[in-house]
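**Student:** sequence and predicted structure are below.
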Amino acid sequence: MSLLSVTGVHKQYATTHAVNDVNFDVKAGEIFALLGPNGAGKTSTVRMLIGLTEPDRGEIRYQSADGERDRISATELGYLPEERGLYQDQKILDVLIYLAQLRGVRRRDARAAALPWLERFGLADRQKEKVSALSKGNQQKIQLIAALQHRPRIVVLDEPFSGLDPVNQEMVLELLRELRSQGTTILLSAHQMALVERLADRILLMNRGRRVLFGSMAELRASSGLSLSLRLEYAGTAPALDALRQPGVADVIADGAFHRQLILRHDAELNALLRDLGNGAQLRSIHSEAIGLHEIYLRAVGNPYQETP
Amino acid sequence: MPQQPATGSHAVSLWTVARFEFLRYFKWKHELINLGILVLLTLLIQGGGAMMQWAKSRESYEIAVIDARQLPLEYGGDGRLTLLRADSRERDARAADVDAGRLAGLLEISADNSATLLVNREPTWRNELDNQLKTARLQQELTSRGIAKDDFEQWQKSLDIKQEYSPNARKPASGGSRAIATALTIFSLMGVMTCFAYFFVSITSEKQQRVSELVVSAIPYQTWIDGKLLGLTGHGLKTMLTWCLYGWLGLLALARFGDGSNDMLAAVSWSVVIVALLFALGGMLFWNTVMAAIAASIDDPNSSTRGSLMFLPMLFFMIVFPGLDSPENVVMQVLSWLPVSSMAAMPARLAHGIVPWWQVLGSFLILIASILLLRRYASRIFRAGMLFYGKEASWKEIWQWARQAD
């Protein structure tokens, strides 16, 4: 069941079409990722979803607990904005309590809700310090707590992994999975492809305000027409790129003198291809893996197989 | 399923923002330290003054007087200044005493009403000597004309005029009421300036620290600006009342160290005070609404020239202050109707008790209407300005924001 549906939404700033007739839906309890390069329209879309701006055209429908709305209800929303910010001169716990109160939580309950989160993120003993005393990474954690502490029905996270080290990125990854298992719907935008691929149930890839690809990883692979990535290691100098452009090969990427990467389409004949890979050079190893989000992303942005909404 | 938070009503959100904004800049510890410093300074001033009086009372200066006019001077007194009668034949000896520091001075009064004072350092007692000479000369003249001193003093007194009011007169408020109304006017300016400073810091820091998006995703802009107005106006009110408290404590202290009476407070017309307080509150709300719009349009407070607009309300107070002693002139009458200056001008007029009630009510209604109208435009500017990053909005853009529909 769709918790959120976006139909033909368009947003224009001056002469720029920030969001151009975009359609998608977010199902209850899923992790939904918005992907795209800078200026793709992700943040503009998010801002319309939460009511900071209004679409020029199109329709946003959110199934709130108390009926249908044209934006995500403020009290059901947890939000981590792209433009990060906290009250630097205030105490950490006071800021969390205030932000929870703004979401409709009573002061007493807000305090009780914030403390376990601070404990979980290892910041409980710093609750009375000012926000400005925290490092950038720890401030990011406080922002994340502010988005989650009131147990929202839907969480919108704009770049939740930025500013976090790999250990904390993994911790956040686990946390988001845990929230999903508890029924929370998560909509995130991020640049970390590997993390998104591991996390997201469905992905919307945007470019220049338009929808480029949309669906699960399997559906994205199918839409992209790509199947495998072959990483070839040669004992000597690798063959020229053109020599490896066989039928079924979508792209050949050079990686130094001894390595080549082949991106294969669904119609690639693997047996025939393997026969020609040597091409006079000595192959040392072949590593094969399903095509990743990174390759799909790179080839879709600025590329040929743009999907019509 | 996730737990649903309690739905926050508009009033609850408003109170939450107002409380947060008030407490953001209110620290009990700082207030108590400020009070402590003020009490300490008062004690030091009082103590220093007392010490000075004590030190002066221990000083004594002996002046030798050679008087050719035979003035009725008081010789041999035991005050700070002691006059010693001397003969003209002793002149050189007394002059030597002055030079050696055994005498503070030698005064020679000639028959032609001129005098010479010989000292060996600057005489700090000169005024006291002048007064004694003046009194003695007057006494001599009165005696020579056969006039009693008491009669002379009686003639110098002004007529005892008893002021009465006609049946329909608008009686002025008491001196205490006027003093309190004036104090409220001055302290309300301090309140406005405090509010302005906090509004400026509050809004520009929220923009710089990128908090805006987080807040407006949770509550409507109108609730946010209204909460800020209430919370920070509360701060201005607190500043104003704190200074009133300091003033009252000062009056009590004066009464304690003075004759023990406190007529100024006893004769206060509290209706005047309450109306002055209402105008002060309204004026603060008015100016805070202006400041909210200005601050939201600023991107970087360090480079913006709009910070100088903080002095705008001071300008109107400066225009009003010279009129406080004649509050019925035409300029003061006009200023008491304008919402930019009524908070200062109307209480001043009112304290003189000559303002018809309909003018007070009319001026207050205009002030309230202006606040409501301004709030409408300010919240539009605030709404657009709070998410406007990277450059300072031009006046044209601000005008466009103000005109756009809600």
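**Tutor:** Okay, I see it.

**Student:** which residues touch residue 216?
**Tutor:** Just so you know, I chose chain A. Contacts for A:Ser216 were tallied using CB atoms under 8 Å, 6 or more residues apart in numbering or on different chains; they are A:201-203. The C-beta positions use only the backbone N, C-alpha and C, and glycine is treated the same way.

**Student:** to clarify, I was referring to chain B.
**Tutor:** For B:Val216, the contacting residues are A:52, B:224, B:386-387, taking CB under 8 Å, 6+ apart as the criterion.

**Student:** now it: how far from B:Thr223?
**Tutor:** When CB to CB, to the nearest Å is applied, the distance between B:Val216 and B:Thr223 equals 10 Å.

**Student:** let's have the contacts of A:Ser216 in a markdown table, adding secondary structure.
**Tutor:** Putting the contacts of A:Ser216 into a markdown table (DSSP: H, G, I helix; E, B strand; the rest coil) gives the following:
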| residue | secondary structure |
| --- | --- |
| A:Asp201 | coil |
| A:Arg202 | strand |
| A:Ile203 | strand |
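
**Student:** quick check: ChimeraX command selecting the buried ones in those residues.
**Tutor:** With 16 or more other CB atoms under 10 Å in any protein chain shown as the criterion, this ChimeraX line picks the buried residues out of those:
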select /A:201,202,203
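
**Student:** and B:Leu44, how far from B:Ala50?
**Tutor:** Counting by CB to CB, the gap between B:Leu44 and B:Ala50 amounts to 11 Å.

**Student:** next, count neighbours for the closest residue to chain B within the stretch 101-250 of chain A.
**Tutor:** Per CB to the nearest CB, A:Gly104 is where the stretch 101-250 of chain A lies closest to chain B, at 3.2 Å. The burial metric for A:Gly104, expressed as a neighbour count using other CB atoms under 10 Å in any protein chain shown, is 24.

**Student:** just the pLDDT for it.
**Tutor:** At A:Gly104, the pLDDT value in this model is 89.

**Student:** within the helices and strands, which one has it?
**Tutor:** Counting by DSSP states H and E, no helix or strand carries A:Gly104.

**Student:** may I have the phi/psi pair for it?
**Tutor:** Backbone torsions of A:Gly104, given as degrees, to the nearest 10, read phi 100, psi 10.

**Student:** wait, it sits on A:Glu76?
**Tutor:** No. Under the criterion of CB atoms under 8 Å, A:Gly104 makes no contact with A:Glu76, lying 9.4 Å away.

**Student:** can you classify the residue nearest to B:Ala183 when sequence neighbours are not counted as helix, strand or coil?
**Tutor:** Nearest-residue entry for B:Ala183: B:Gly247, 5.6 Å, with adjacent residues in sequence omitted and distances by CB to CB, 6 or more residues apart in numbering or on different chains. Here B:Gly247 is helix, with the state taken from three-state DSSP.

**Student:** how near is B:Gly247 to B:Thr233?
**Tutor:** For B:Gly247, the distance to B:Thr233 under the criterion CB to CB works out to 21 Å.

**Student:** looking at those two, which one has more neighbours?
**Tutor:** The neighbour count for B:Gly247 versus B:Thr233, taken as other CB under 10 Å, is higher for B:Thr233 (27 against 16).

**Student:** what sits against the more buried one?
**Tutor:** B:195, B:281, B:284-285, B:288.

**Student:** out of the contacts of B:Val216, who's nearest A:Arg120?
**Tutor:** A:Leu52 (28.8 Å; CB to CB).

**Student:** other residues contacting stretch B:12-30?
**Tutor:** Defining contact as CB under 8 Å, 6+ apart, one finds that stretch B:12-30 is touched by A:87, A:89-90, A:98, A:101-102, A:104, B:8, B:198, B:202, B:219, B:223-224, B:226-228, B:230-232, B:234-235, B:238.

**Student:** buried residues of that stretch, list them for me.
**Tutor:** B:12-25.

**Student:** for stretch A:75-84, same thing?
**Tutor:** Within stretch A:75-84, the residues that qualify as buried by neighbour count (16+ other CB under 10 Å) are A:75-81, A:84.

**Student:** quote the end-to-end distance of that stretch.
**Tutor:** Across its full length, stretch A:75-84 reaches 20 Å end to end, with CA to CA, to the nearest Å as the criterion.

**Student:** is any part of it close to chain B?
**Tutor:** Yes. Counting by CB under 8 Å from any CB of the partner chain, chain B is contacted by stretch A:75-84 at A:75-77, A:79, A:81, A:83-84.

**Student:** what number of residues lie near the closest residue to B:Ala111 other than its chain neighbours?
**Tutor:** Once its chain neighbours are removed from consideration, B:Ala111 has its nearest residue in B:Ala68; the separation is 4.6 Å (CB to CB, 6+ apart). The tally of other residues near B:Ala68 (other CB under 10 Å) stands at 14.

**Student:** quick check: phi and psi at B:Ala68.
**Tutor:** Comment: the main-chain dihedrals of B:Ala68 come out as phi -80, psi -20, following degrees, to the nearest 10.

**Student:** quick one: residues contacting it.
**Tutor:** With CB under 8 Å, 6+ apart as the criterion, the residues that contact B:Ala68 are B:88, B:108-111.

**Student:** neighbour count added to these, as CSV?
**Tutor:** CSV is the format used below for the contacts of B:Ala68 (neighbours: other CB atoms under 10 Å in any protein chain shown):
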residue, neighbour count
B:Ser88, 10
B:Glu108, 19
B:Ile109, 21
B:Ser110, 12
B:Ala111, 9
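
**Student:** tell me the SS of the single nearest residue of the stretch 201-350 of chain B relative to chain A?
**Tutor:** Of all residues in the stretch 201-350 of chain B, B:Arg210 sits closest to chain A, with a separation of 3.0 Å (CB to the nearest CB). Here B:Arg210 takes the coil state, with states given by three-state DSSP.

**Student:** my guess is it contacts A:Pro81. True?
**Tutor:** Yes. The criterion here is CB under 8 Å, and B:Arg210 meets it with A:Pro81 at 7.4 Å.
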